[in-house]
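S.K.: show me the folded form of this:
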Amino acid sequence: MELELKELNKYLLGDRNQNLKDKDSQAIVNQSEITHSWQPTKKYFERRSGEVTSIAVAYDASFLAFRYGRTIAIRTLTNFELRYLNIEEKCLANIPTPIVVSKDKKWLVSGMIAFPDVNVVNVWEISSCKQVASFKGHDWSQDGRIKSVAITSDTENNKIVLSGGNDCVVRIWDLKSQGKLGEFKEHSSPVKAIIINENNQTIVSGDGEGIIKFWNLWTKETICSFKAHSESINSLAISPDVKLIASAGDDREIKLWDAETGKLLSTLEKHSASINSVTFSSDSRLLASGDSNGCIEIWNLETNKPMLIVSKHDKSVTSLAFMPNEPILISGSKDRTIKVWELIEHE
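M.R.: Next up is the predicted model:
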């Protein structure tokens, strides 16, 4: 089996039928001959004016949201319109707070810094690009910088936002009442990643000491806690079939856990640098990971082996997202580019 990772530099410019046989593409890699040396010959499809710190794709693939520098933008994938969110607070370019989009496509969540130096969690209505909520409660200044956010997929009457940061606390917010529902204070280092298991309302959070905690959203009680990595956790992801959780961080390792019990299932081969992002394909068969050397790896989760290892960016890969129900991967980087790739299998 061979795997090709083909750069689609026109994908978000309106041409979703780009010729996949372009002579400039040389991305075919045999699974038995993995290499780090291949470089794409095509240019980026879109360059931004600041480092791309986070990307998120709508669950129906109707739009791509991304954050770069001091800007959050939305690219519609039907007419390719580009819109910008109305940001009322300061947005420092060097604070790489992730963005998340709710499964119903109505809300986008991210962290900001309000005057004079207050860390806030903001929520925008995507249809209007207007800010609809601003939650304050994290510590001031660097001590409370927001590093992770999440939002439940419940109905609008029960929409919960979570945020974690340098103050070692996960705060729980109610979007409807715009009030705080509680806090989870069991971490002893910055909370770097948060995901939600929608099957049982379990929250999974990872911190700067490599600790992962499973806890109940409503009771705030810890279900299990364990040392997952020898260094900071930078990214957590849950598979769409809700069977696996992937964790990765500064120790260059990716680990796969049972999403229900927290049992370690597998440790994948190390990257050559700190891993900043992991993401599952919509069929839960593939995992993509990106590191600080600009390298992207694609993993076959049936074998837990890398299918492809390629250097795609000039600087650190900060965020990855698979398009739902399409063999397309989107990557964001500190090199100020967003790139789109198509995965093609060859018998």
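S.K.: for the rest of this, base every contact and every neighbour count on C-alpha atoms.
M.R.: Fine.
S.K.: any idea how far residue 248 is from residue 77?
M.R.: Distance from residue 77 to residue 248, counting by C-alpha to C-alpha, to the nearest Å: 30 Å.
S.K.: and residue 320, by the same measure?
M.R.: Relative to residue 248, and taking C-alpha to C-alpha, residue 320 is found at 13 Å.
S.K.: ok, these two, which is more surrounded?
M.R.: residue 248 (32 against 25; other C-alpha atoms under 10 Å).
S.K.: thinking that one is in contact with residue 230, fair?
M.R.: No: contact criterion C-alpha atoms under 8 Å: residue 248 and residue 230 do not qualify, at 10.5 Å.
S.K.: overlap in contacts of residue 320 and residue 248?
M.R.: Between them, residue 320 and residue 248 share these contacting residues under C-alpha atoms under 8 Å, 6 or more residues apart in numbering: 277, 278.
S.K.: if we can go back for a sec, now do the shared contacts for residue 248 and residue 230.
M.R.: What both residue 248 and residue 230 touch, as defined by C-alpha under 8 Å, 6+ apart, is an empty set.
S.K.: okay, and for the protein, where does confidence drop off?
M.R.: Within the chain, the stretches with pLDDT under 70 are 1-46, 89-96, 155-157, 344-347.
S.K.: where is the longest strand in it?
M.R.: Scanning the chain for the longest strand, with DSSP state E as the assignment, gives strand 337-346.
S.K.: just the C-alphas of it, formatted as PDB.
M.R.: Output in PDB follows, covering the C-alpha atoms of strand 337-346 (Å, rounded to 0.1, in the frame of the first residue of the first chain):
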ATOM      1  CA  THR A 337       0.700  29.500   6.200                       C
ATOM      2  CA  ILE A 338      -2.300  27.200   6.100                       C
ATOM      3  CA  LYS A 339      -1.900  24.200   3.800                       C
ATOM      4  CA  VAL A 340      -4.400  21.700   2.500                       C
ATOM      5  CA  TRP A 341      -3.500  18.100   1.600                       C
ATOM      6  CA  GLU A 342      -5.300  15.200   0.100                       C
ATOM      7  CA  LEU A 343      -4.500  11.700   1.200                       C
ATOM      8  CA  ILE A 344      -4.500   9.200  -1.700                       C
ATOM      9  CA  GLU A 345      -4.000   5.500  -1.300                       C
ATOM     10  CA  HIS A 346      -2.400   3.500  -4.100                       C
END
